[in-house]
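>>> show me how the following folds:
(2 chains, ligands or ions: 2)
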Amino acid sequence: MSDYRKMWQKLGLDLEAHDQLLAVIPQAYGDVYTSQAKRPEGMGYLDFVMSEIHGLRIKELNDLREAGGKVLGTFCLYVPEEIALAGGAACVGICGGADWPSPEADAVLPRNLCPLIKSFMSFKLGKVCPYFESSDMIVGETTCDGKKKAYEVLGEYTNVYTMHTPQMKDEASHELWLKEVEKFKNKVEELTGNTIDAEALAKGIGIVNAKRAALKRMNDARKANPAPISGRDALLIQQVAFYDDPIRFTDSVNKIAAELEQRVVEGKGVAPANAPRILMSGCPMAVPNWKLPFIVESAGAIIVAEESCIGHRYFRDMVDATATTEEAKIKAIADRYMKLDCACFTPNKERIDNIKKLVEDYNVDGVIHYSLQFCDPFTVEYNSVEKALKDANIPVLKIETDYSMEDAGQLSTRVEAFLETIK
Amino acid sequence: MFVGIDIGSRSIKLVALNGQGIEDYKVVDTGFNPHDRSLELVQAYNAEKIVATGYGRHFAREDFADGVITEIKAHGIGNRYLFTQCRTIVDIGGQDSKVISLDATGRVADFQMNDRCAAGTGKFLEIMSKTLGFTLDEFGPESLLAENAVRVNSMCTVFAESEVISLLAKKENPRNIGLGLHQSIIDRINSMLHRVGINDDIVLSGGVGRNPCIRQLLEQKLGRPVYIYEHPELAGALGAALTARDAE
Ligand code: SF4
Ligand code: SF4
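Numbers count the residues shown, from 1 in each chain, chains lettered A, B, ... in the order given. Ligands and ions are numbered 1, 2, ... in the order given. Next up is the predicted model:
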């Protein structure tokens, strides 16, 4: 611990504020996670990672940096992890899932902005996030307007590089994105001093594809009834996917998947077979945003899939690993990312098709559509999601909320009433 | 004997059923210790089964209730029992307002709830009546005597209150402001109604059912009658009691 304090101090964290932040996590984690019955044993690894969230992993990142390596901090699925790894850099998703009061951030952001953006800005300006402070470069993207403009503000405090993500999927957009991916490759080369050739790319693609495959395998087990793992545990695994060491993580997730497969064979589950099966759909749920999954599962339902960036959108599509030349590999990476169906796109019919497919594949009884307050892309897109689901006779509940606990009572009433209607 | 208890933020309601129907009921203030209050209430009955609803349902389950249902289901069941053709329910509660739509068989098909703040809830009415110098019971009848409505722009309780104070300072008639406030609540309810769709019959449930101005404006807006039980605040507890009786 004392070692870590020195490390945090060196990183420039506000130690006092950071202590306060760290103090609330174990309590919340215990309530939401370790108190669950029948957890898979493999979750011990996740418990360990979480207990060391600001310790061991940060130390690893800093060891890497001391050895001349670089760390990239990202906020969005669009940033190609494969390329960062190909350049020998580490890629960490910076969360933004907690309400962290920061007068500095309040001074630079408007009041009506999604809690995710407010949160990451507060973490940076409040100097409480060691991942932020360990990042040599923050990679932003022009997905929603809120983030796009917030990166400009963030750029005044740290090194930010922004990728121009398209908002349509026509030919011109594909061309634009391919160029952006090439530019990003050059940028990573410049930052790390390493050359990213076909071989390096193959390595990066291999690592990330394996990670996605492990997540997919773990999720496949959730199709079974009774479900072998709680939605909360699965969410945690998917959250940790963004910052843990990818190779070690993949290994652990494969172990968990094997354990779940065994449970499925034995017909063992974490919830009764008649528990309503829920698909959570919508905005990303960054660590430690566990409020709604906790409410849903406490009400007796089981979450069997997440249609979100912290969920299926992250691991559904692979990069085509058969491409051989450097150029072809870059194109394969760009193509994979263009398959994402974030609500920032217009039109975005794929997302609706994907939601419906998940409902079918995972035997879902009801969809809970989650959006963060003031998130235009997802709150507006809810209308078409709702319409499509209602037309297909799939029950859907809309939840719009932020990170505070003020509405927990109200949310549990809504969720329970929704469950009553689908039972 | 089957008991339903509705533990709300403002009051606790209890309905006791026997084979024939409602045998007894109680309405008490929630007070500072809803837990002991509820326990005291149910202990007075020799209940075969107790079902709880309302925001206090979770602690009730831990302590004395055999089952719990949400307010939404409870109001659905209770009102359907009282009004056999009921398909749409407006329930303006102490801290939230809801619109519930039932399918042809009486099951909850859809519902809408206001988002977090007190706008459009019983609490809003209570604060506004106080600001205008009326008792809660006077608020509806007095507002009906208005000559013309003065609209208040904000629905946020805090901003609406300061708006009302400045209107009063301009010597605006409190009745006219009252009518304007009632209208804005009806506008909100109306948009929730449109989201779930309106079916016959419409029932106004919960304590706000006692407010004649709400009823009249709602009927005007919708162009159809709105039904209200003589004890509108009991519908949730009744739904819970019926659930206790009918569950196998
Ligand atoms: S929701 Fe869209 S913008 Fe947000 S992280 Fe996912 S892909 Fe990126
Ligand atoms: S939650 Fe919505 S508004 Fe917030 S960053 Fe993501 S897309 Fe943008």
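>>> for the stretch 51-200 of chain A, what lies in contact range of ligand 2?
Proximity of the stretch 51-200 of chain A to ligand 2 is assessed by Cβ under 6 Å from any ligand atom, with A:114, A:116-117, A:143-144, A:146-147 identified as the residues in range. Every C-beta, even on glycine, is put in place using the N, C-alpha and C of the backbone.
>>> for chain A, what are the nearby residues on chain B?
Taking Cβ under 8 Å from any Cβ of the partner chain as the criterion, the neighbours of chain A within chain B are B:55, B:58, B:69-73, B:96, B:107-111, B:113, B:115-116.
>>> show me which of the residues you listed are buried.
Neighbour-count burial (16 or more other Cβ atoms under 10 Å in any protein chain shown) applied to the residues of chain B next to chain A gives B:55, B:58, B:69-73, B:96, B:108-111, B:113, B:116.
>>> what about the helices in chain B?
For chain B, helices defined by DSSP state H occupy the ranges B:34-43, B:57-63, B:71-82, B:122-132, B:136-144, B:157-169, B:174-196, B:212-222, B:235-246.
>>> give me the most central residue, the chain.
Assuming you mean chain A. Centroid-nearest residue in chain A, with Cα atoms, centre = their mean: A:Ile310, separated by 3.4 Å.
>>> could you do chain B instead?
In chain B, the centroid-proximal residue (Cα atoms, centre = their mean) is B:Gly206; its distance is 2.7 Å.
>>> against B:Glu62, how distant is B:Leu39?
Using Cβ to Cβ, to the nearest Å, one gets 11 Å for the distance from B:Leu39 to B:Glu62.
>>> find the closest residue to ligand 2 in the stretch 151-300 of chain A.
When you check the stretch 151-300 of chain A against ligand 2 by Cβ to the nearest ligand atom, the closest residue turns out to be A:Cys283, at 4.5 Å.
>>> who's in contact with that residue?
Contact analysis of A:Cys283 by Cβ atoms under 8 Å, 6 or more residues apart in numbering or on different chains lists A:114, A:116, A:308, A:370-372, A:375, A:378.
>>> any idea which of the residues you listed is closest to chain B?
Ranking those by separation from chain B, with Cβ to the nearest Cβ as the measure, puts A:Ser371 on top at 12.1 Å.
>>> hang on, B:Ile202 packs against B:Val90?
Yes. The pair B:Ile202 and B:Val90 passes the contact test of Cβ atoms under 8 Å, sitting 6.8 Å apart.
>>> these two: which has the busier surroundings?
Set side by side, B:Ile202 and B:Val90 give different neighbour counts by other Cβ atoms under 10 Å in any protein chain shown, the larger being at B:Val90 (26 against 23).
>>> list the contacts for the more buried one?
Neighbouring residues of B:Val90 by Cβ under 8 Å, 6+ apart: B:97-99, B:189, B:193, B:202-205, B:218, B:226.
>>> swap in 10 Å and give it another go.
By Cβ atoms under 10 Å, 6 or more residues apart in numbering or on different chains, B:Val90 lies in contact with B:75, B:97-100, B:186, B:189-190, B:192-193, B:202-206, B:208-209, B:214-215, B:218, B:222, B:226.
>>> find the nearest non-adjacent residue to the residue nearest to the centre of chain B, please.
B:Asp91 (4.4 Å; Cβ to Cβ, 6 or more residues apart in numbering or on different chains).
>>> same question for A:Gly140.
Of all residues apart from its sequence neighbours, A:Tyr151 sits closest to A:Gly140 (Cβ to Cβ, 6+ apart), at 3.6 Å.
>>> repeat that for B:Pro232.
Once flanking residues are discounted, B:Pro232 sits nearest to B:Gly209: 2.9 Å by Cβ to Cβ, 6+ apart.
>>> what's the neighbour count on the residue nearest to B:Leu167 when sequence neighbours are not counted?
With Cβ to Cβ, 6+ apart as the measure, B:Ile177 is the residue that lies nearest to B:Leu167, at 5.4 Å, once sequence neighbours are left out. Taking other Cβ under 10 Å as the neighbour definition, B:Ile177 ends up with a count of 24.
>>> who are the contact partners of the closest residue in space to B:Pro141 that isn't next to it in sequence?
The shortest distance from B:Pro141 to any residue other than its chain neighbours is 6.0 Å, reached at B:Pro212 (Cβ to Cβ, 6+ apart). Contact partners of B:Pro212, counting by Cβ under 10 Å, 6+ apart, are B:139-141, B:143-144, B:228.
>>> buried ones among those?
By neighbour count, with 16+ other Cβ under 10 Å, the contacts of B:Pro212 hold B:139-140, B:143-144, B:228 as buried.
>>> now do stretch B:19-34, average pLDDT.
Here stretch B:19-34 scores 91 as its mean pLDDT.
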